[in-house]
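Trainee: Sequence plus the predicted model coming up.
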Amino acid sequence: MDTLQNMRVLVRVVEAGSFTAAAQSLNSPTSAVSRAVSELEARIRTRLLNRSTRRLALTPAGEVYLTRCKQILADVARAEDEACGAHERPAGALRMHSFASIGQQYILPAISRYRTMHPEVTVELTLSQSLPDLFEGSSDVSVITAASLPNSDLISHQLGNSCSILCASPEYVRKHGAPRTPADLTRHDCLILRTPGVPAHEWTLEGPEGSVKMHVSGPVQVNIAESLAVAIREGLGIGMLPVYTAIEGLRDGTLVRVLPRHVLQKNSIHALYPSRKFVDAKTKTWVEFLRVHLSQVIARDMTLLEELTQQQLAGAAAVASPI
C-alpha cells in the first residue's frame, strides 16, 4: 500500500466532492479511488469519510487527518523540489493565492510577463477574499491588500500602496447629480463593497477637510470589486472601487469619479509566504519580480488617475463659469 499516494487520493476526493469526480481528475477507476480511502481507514482503524448516495462528509477524525495529510504532502513536495534543485532554478508549479480584484487587475497580467522570463514555471492561481493557511501547504505565496497585517510567522514583502475612489455612471450623474460634499452621500444610493475586516456601511473619506466618516446605504451589496463596477455602470448608484479596478472605466468614460478630491481605504499590497530555511527559486523570483513590476504599474495608474481627475475638474470649472 502506497500511503502517500492514498493521502493524495483522499485530498482529491474531498476537494472534488465525490469519488467519481476525483477518479475522473486522476484518470483512475472509481473503484481504485474508493479502495485507496478504505486502505487509509483500515491502516489507522478510523472512519475518515461518511458516505451517502448524495454526498461525502469528513468525520471529525477525518478533518484532523486531512489537515495533516496536506501538511505532509506539502513537505514531501518541498523536499523533492529542493532535492532536484528547485531552490536554484525556477521550475515547476507555483501555487499562488490572491484577493480577487487585485488578482484580476494586476496579478494575472504580471504572470504573463513573469513566465516570459521563467517559462519552466507553471502557475496555479486561486482567487478568493480570504487568506488561506499558507502553512497548510495549499499555496506557496499570497498577494493581499490590507491596512495592516496581524502578527504571524509569515514572511511579508510590501509591494506597493493602493486606495479606493468613489465612482458612478454618467447616466446616474445625469439623473441624480453628483455629490458636492461627503455629507451629500446620505441623499444618494451608495453601493456597498463588503471587505473583510472593514465596516460595510461606513466610509471614511480623506480630502481637503481631513478625514470624514459617513454612514451610507443603498440597494446592492457585493463582495467583489469587479461585480460592483458592473452595478455602478448599470446606474444603480455610487460605489467605492480600488483604483486598479476603476481606472479602465474612467479612461473609457463608462465610469465617472465623484468627490474627486477624496480617497478611501488606503491599503498596502503585500506578498506573504511561510517562513522557511530554504525558499524555492520560483517563489523568490516571483516576489522579486512583483516588487519591481507592481511599483511600475501602480505608479502608471496613479499618474493616469491624476490626469483624468484634473481633466474632470477642469471640465466642471468650465461648465460652472462659461465664457
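Mentor: Yes, it's here.
Trainee: got the buried residues for whichever strand or helix holds residue 78?
Mentor: Residue 78 belongs to helix 60-83 when elements are defined using DSSP states H and E. Within helix 60-83, the residues scored as buried using 16 or more other Cβ atoms under 10 Å are 62, 65-66, 69-70, 73-74, 77-78, 81. All C-beta spots, glycine's among them, are computed from the backbone N, C-alpha and C.
Trainee: distance between that helix and the chain's centre?
Mentor: Centroid separation for helix 60-83 versus its chain: 24 Å, with Cα atoms, centre = their mean, to the nearest Å.
Trainee: Could you export it as CSV, CA atoms only?
Mentor: C-alpha atoms of helix 60-83 as CSV (Å, rounded to 0.1, in the frame of the first residue of the first chain):
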residue,chain,number,x,y,z
PRO,A,60,-14.2,14.8,13.0
ALA,A,61,-11.2,12.5,12.8
GLY,A,62,-11.1,12.9,9.1
GLU,A,63,-10.9,16.6,9.3
VAL,A,64,-7.8,16.4,11.5
TYR,A,65,-6.3,13.7,9.4
LEU,A,66,-6.9,15.7,6.1
THR,A,67,-5.1,18.7,7.6
ARG,A,68,-2.1,16.5,8.5
CYS,A,69,-2.1,14.9,5.0
LYS,A,70,-1.9,18.3,3.3
GLN,A,71,1.0,19.3,5.5
ILE,A,72,2.8,16.0,4.9
LEU,A,73,2.3,16.2,1.1
ALA,A,74,3.5,19.8,1.1
ASP,A,75,6.6,18.8,3.0
VAL,A,76,7.3,16.0,0.6
ALA,A,77,6.8,18.2,-2.4
ARG,A,78,9.2,20.8,-1.0
ALA,A,79,11.7,18.1,-0.2
GLU,A,80,11.5,16.8,-3.8
ASP,A,81,11.8,20.3,-5.1
GLU,A,82,14.9,21.1,-3.1
ALA,A,83,16.5,17.7,-4.0
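Trainee: Mind giving me the packing neighbours of it?
Mentor: Helices and strands touching helix 60-83, as assessed by 3 or more Cβ pairs under 8 Å, 6 or more residues apart in numbering; DSSP states H and E, comprise helix 3-16.
Trainee: Buried by neighbour count: which residues of stretch 248-256 qualify?
Mentor: Neighbour count says stretch 248-256 has 249-250, 255-256 buried, by 16+ other Cβ under 10 Å.
Trainee: For that stretch, which outside residues touch it?
Mentor: 167-170, 173, 178, 229, 232-233, 241, 246, 257, 304-305, 308, 312 (Cβ atoms under 8 Å, 6 or more residues apart in numbering).
Trainee: one more time with 10 Å, if that's ok
Mentor: 105, 165-174, 178, 229, 232-233, 238-239, 241, 243, 245-247, 257, 301, 304-305, 307-309, 311-312 (Cβ atoms under 10 Å, 6 or more residues apart in numbering).
Trainee: Among those, which are located in helices?
Mentor: Among those, DSSP state H puts 170-174, 229, 232-233, 243, 245-247, 301, 304-305, 307-309, 311-312 in helices.
Trainee: okay, and for the stretch 51-200 of the chain, where does confidence drop off?
Mentor: 53, 81-87, 135-137, 151, 196-197 (pLDDT under 70).
Trainee: Going along the chain, name the helices of the chain.
Mentor: 3-16, 19-26, 30-44, 60-83, 100-102, 108-117, 170-176, 225-233, 243-252, 281-320.
Trainee: what pLDDT, on average, does the second one get?
Mentor: Mean pLDDT, taken over the full extent of helix 19-26, equals 89.
Trainee: And the longest one, by the same measure?
Mentor: When the per-residue pLDDT values of helix 281-320 are averaged, the result is 88.
Trainee: ok, and for that helix, which residues are buried?
Mentor: Within helix 281-320, the residues that count as buried by 16+ other Cβ under 10 Å are 281-283, 285-287, 289-290, 293-294, 298, 301-302, 305, 308.
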